[in-house]
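Student: here is a sequence together with a model predicted from it:
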Amino acid sequence: MERARPFGHSSNYGQACMHCYKAKCRCVPGPRGDSCERCHRLRKECLPSDSVRRRNAHRAEESNTRIAQLEGRIEIMLSAMQSIASSSGSSPEILRLLNENSVPLSTFGPNDTPANLIGTNQSISGVPTPGTDPSPLVQSPSEPFSHQAEESLEFFRSQMLPYFPFINLTPGITAWQLHQTRPFLLQAILTVTTFSSQKRLAQIEDLKRVLVTTAFLEVQSNIDLLLGLLTYIAWSTDAFLGRADLISRLMILAISLVYDMRLFKLPQPDTVIMMTMTQGQDYESDQNSNNETVTDLIEKQRAVLACFVLSSNISSHLGRIDALRWTPQMEEALRIVETNKLCLTDEVFAFHVRLQLLKQKAAHIREQNETDRARTAAVSVTTSMPGLLYLKALREQLHGLISSFPPGLLQRGE
């Protein structure tokens, strides 16, 4: 033993020998002080155990080593963040915060826990809070839009919109100008033109958050919300990633916006009276028909027709919703778009709508034929005579539509 202890009394706490410590027995010093009574009786070598202070000192050394390793890693991360912020042209405020918080972590005392370090350096990570998100959508008017936003808008205008041109985006419209008039549409464009999966998912969440706030909490119905929603539905990849339910629900929301804005169906007189009584205001006052220009009118007509095309496609391919019903007012809207041609792509868009209408009629004939066969339980799979005549008429309409395509349109393959 390290020192003599009084005979017949147990050892102090933390000074029992190794064997008594492991056996959890009382360690009583022997008469000579070189071993305890238990080790002498069992004829074992009485070895002193490490004191609690010695064990704690060993653990403290290990903790200091691990803390030093973590400090080194954090310093490396800070250096990398500073270099990225400098190369990406971040604002001086962000660079200042990074430089202020790049104090060597080894200067902190041993009592500074990770929680304290995080509390005093919470801006080190550089992740913006929702209130200070440096997104292009919340830039001040004096700051120009980022080059990335302009590139995304140009890519959408030149590479994506020609295949479904339901929006008139002239080459002179910049991202900032579009943000002033159609902020939600611009946010949808920036979302569908983001090809990084991680960034795209984050932007989708932001888009859905704005959509829920505007459509359900604030209960707004406007053309900007409708155009942005149709843009996301048209170029979304959710249907291919197991999120077809989201697309169908967003499509239902777009259809409800069309009905709320009464873009293709005039209200009945009794409906006007009832809504005026229940809402406490003029039912027609929110349409602003007197202040509406021809450009605004055709923009709404395109939105209605685009809603029909998308709902018809989703109905036929996903089978989760019913398509927007084709009405005489929609036929008139299509005629207005074809006649005025305020946009160079209006003719292409009109052909899109005509082809989708023929496709929907053909699908309706097939569904009706399948329903009739199931009702009669007929073994024959032949189509009824009225159905054949209807298909023949649709085929003639298709050939007539193809023959009316401009030569330049066929050469571009649009």
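Tutor: Structure received. As the structure is a prediction and not an experimental result, all values here were calculated from the model.

Student: could you point out which element follows the lowest-mean-pLDDT helix or strand in the chain?
Tutor: Lowest on mean pLDDT, DSSP states H and E among the helices and strands of the chain sits helix 114-120, with a mean of 40. Toward the C-terminus, helix 114-120 is succeeded by helix 147-155 as the next helix or strand (DSSP states H and E).

Student: quick one: mean pLDDT for that following helix?
Tutor: Helix 147-155 shows a mean pLDDT of 93.

Student: give the buried residues for it.
Tutor: Going by neighbour count (16 or more other Cβ atoms under 10 Å), the buried part of helix 147-155 is 149, 152, 153. Every C-beta, even on glycine, is put in place using the N, C-alpha and C of the backbone.

Student: what sits closest to the last one if chain neighbours are left out?
Tutor: Excluding the flanking residues, the one nearest residue 153 by Cβ to Cβ, 6 or more residues apart in numbering is residue 175, at 4.9 Å.

Student: quick one on the thing from earlier: kindly indicate which of the buried residues of helix 147-155 lies nearest residue 351.
Tutor: Nearest to residue 351 among those, counting by Cβ to Cβ, is residue 153 at 25.2 Å.

Student: okay, the closest one and residue 206: tell me how far apart.
Tutor: 17 Å (Cβ to Cβ, to the nearest Å).

Student: one more: residue 397?
Tutor: Distance, residue 397 to residue 206, using Cβ to Cβ: 44 Å.

Student: give me the more crowded residue out of the two.
Tutor: Shown here are residue 397 and residue 206; by other Cβ atoms under 10 Å, residue 206 has more neighbours (17 against 14).

Student: the more buried one: which element?
Tutor: helix 197-212.

Student: can you tell me, leaving aside adjacent residues, what's nearest to residue 21?
Tutor: Closest to residue 21 by Cβ to Cβ, 6+ apart is residue 49, at 4.6 Å.

Student: residues contacting residue 201?
Tutor: Counting by Cβ atoms under 8 Å, 6 or more residues apart in numbering, residue 201 touches no other residue.

Student: gap between it and residue 183?
Tutor: Using Cβ to Cβ, residue 201 is found at 21 Å from residue 183.

Student: before we move on, what about residue 74?
Tutor: Computed as Cβ to Cβ, the residue 74 to residue 183 distance reads 38 Å.

Student: one more: residue 371?
Tutor: Distance check for residue 371 against residue 183: by Cβ to Cβ, it reads 46 Å.

Student: higher neighbour count, the two?
Tutor: A count of neighbours by other Cβ under 10 Å puts residue 183 above the other of residue 371 and residue 183, at 16 against 10.

Student: any low-confidence regions in the stretch 251-400 of the chain?
Tutor: The stretch 251-400 of the chain contains residues with pLDDT under 70 at 265-291, 372-387.

Student: could I get the full set of helices for it?
Tutor: For the stretch 251-400 of the chain, helices defined by DSSP state H, counting those that start in this stretch occupy the ranges 269-279, 294-317, 328-340, 346-376, 385-403.

Student: got the contact list for residue 178?
Tutor: Listed by Cβ under 8 Å, 6+ apart, the contact set of residue 178 reads 153, 169, 185, 186, 189.

Student: run the last query once more with 10 Å
Tutor: 145, 149, 153, 167, 169, 185, 186, 189, 224 (Cβ atoms under 10 Å, 6 or more residues apart in numbering).

Student: check contacts around the third one.
Tutor: By that I understand residue 153. 145, 169, 173-179, 186, 189-190, 193.

Student: and the helix holding residue 206, what's its mean pLDDT?
Tutor: Across helix 197-212, the average pLDDT comes to 93.

Student: list the buried residues of it.
Tutor: Across helix 197-212, burial judged by 16+ other Cβ under 10 Å covers 203, 204, 206, 207, 210, 211.

Student: wait, residue 46 touches residue 21, no?
Tutor: No. Counting by Cβ atoms under 10 Å, residue 46 does not reach residue 21; the two are 11.3 Å apart.

Student: these two: which is more packed in?
Tutor: residue 46 (20 against 17).

Student: that one and residue 26: what is the separation?
Tutor: According to Cβ to Cβ, residue 46 stands 14 Å off from residue 26.

Student: next: residue 361.
Tutor: Residue 361 sits 97 Å away from residue 26, going by Cβ to Cβ.

Student: tell me which of these two has more neighbours.
Tutor: Counted by other Cβ under 10 Å, residue 361 and residue 26 do not tie: residue 361 has more neighbours, with 16 against 13.

Student: my guess is the more buried one contacts residue 393. True?
Tutor: Yes. Between residue 361 and residue 393 there is a contact under Cβ under 10 Å: 9.2 Å.

Student: need the overlap of contacts for residue 46 and residue 21.
Tutor: By Cβ under 10 Å, 6+ apart, the residues touching both residue 46 and residue 21 are residue 27.

Student: next, the contact list for the residue nearest to residue 166 when sequence neighbours are not counted, please.
Tutor: For residue 166, ignoring the flanking residues on the chain, the nearest one in space by Cβ to Cβ, 6+ apart is residue 306 at 3.6 Å. Residues counted as contacts of residue 306 (Cβ under 10 Å, 6+ apart) are 164-167, 226-227, 230-231, 233-234, 254, 258, 349, 352-353.

Student: and if we set it to 8 Å?
Tutor: Residue 306 makes contact with 164, 166, 230, 234, 349, according to Cβ under 8 Å, 6+ apart.
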